[in-house]
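Undergrad: okay, predicted coordinates and the sequence, questions at the end:
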Amino acid sequence: MRKEIYLQRDLPMADLFYIQFFTTISFSLLEKQQCKALYRKASKWVTDQPAWKRSKGRDHILPVHHPWSFKTVHRYMKKATWLLPDMDFIGNWYKPGEVWLEKDLILPYVSNVEICNGKCLSGSKSSRTILFFFRGRLKRNAEGKIRAKLVAEFDGAEGAVIEEGTARGSGKVASQTAMRRLTFCLNPAGDTPSST
């Protein structure tokens, strides 16, 4: 079935509605109270629209790029499809019933590390001395159970590097340098691309 994009005047004919409100920008740039007020205003505007009322938001798509962004109004928009960075099932970021795999979509991060061009790739190919690599916080959700298992499994293993690290200070450069020397980069659930 062919899907069409409609203008405001054609809303009754649309199959899906993309809510063009980038929750992370306001989360990152505004003071906490300003951000909460903006979220309430945006949520009220969207939920007051006839298109939202028609389906209670089931045919709406909302980008929630940071798990803490839009948090104060999650409950009002939980029936919409969310575009998420991570699916946290233990309640650190989302309350039960707000997100689930059958409704929402997890999108990959855009890396915040320097791009490795063709020259960089050809130069690093012969120096790949690390088989498995992970650098990031070793304690995370659920007390870092998966990460703790990785440490236990690969501790002292030849060709494996699993280490504590952050994206702050020299951490980003350390990650980039190591990633250019590896064959496999382990990517357990995390909330920043710099933790791999």
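TA: Received the coordinates, thanks.
Undergrad: only C-alpha atoms for contact and neighbour calcs from this point on.
TA: Will do.
Undergrad: and the pLDDT for the residue most central in space within the chain?
TA: Nearest residue to the geometric centre of the chain (CA atoms, centre = their mean): Pro85, 1.6 Å. Pro85 is assigned a pLDDT of 75 by the prediction.
Undergrad: same check on Cys35?
TA: 85.
Undergrad: same deal with the one 10 residues further on?
TA: Per-residue confidence for Trp45 comes out at a pLDDT of 92.
Undergrad: mind giving me the packing neighbours of the helix or strand where it lies?
TA: According to DSSP states H and E, Trp45 maps onto helix 32-47. Counting contacts by 3 or more CA pairs under 8 Å, 6 or more residues apart in numbering; DSSP states H and E, helix 32-47 packs against helix 23-29.
Undergrad: dump the C-alpha coordinates for the helix it packs on into CSV.
TA: Only the C-alpha atoms of helix 23-29 are listed here, as CSV (Å, rounded to 0.1, in the frame of the first residue of the first chain):
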residue,chain,number,x,y,z
THR,A,23,13.1,16.6,22.8
THR,A,24,16.8,16.3,23.3
ILE,A,25,17.7,19.8,22.1
SER,A,26,15.5,21.4,24.7
PHE,A,27,16.7,18.9,27.3
SER,A,28,20.3,19.8,26.6
LEU,A,29,20.0,23.6,26.1
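Undergrad: in the chain, which spans are strands?
TA: 17-18, 60-63, 81-84, 105-106, 130-136, 160-164, 182-185 (DSSP state E).
Undergrad: got the domain boundaries for this structure?
TA: 8-106, 118-195 (automatic domain parsing).
Undergrad: and those domains, which one is worst for confidence?
TA: What stands lowest among the domains of the chain, in mean pLDDT terms, is domain 118-195, with a mean of 73.
Undergrad: and that one, how far from the chain's centre?
TA: Distance of domain 118-195 from its chain centroid, counting by CA atoms, centre = their mean, to the nearest Å, is 18 Å.
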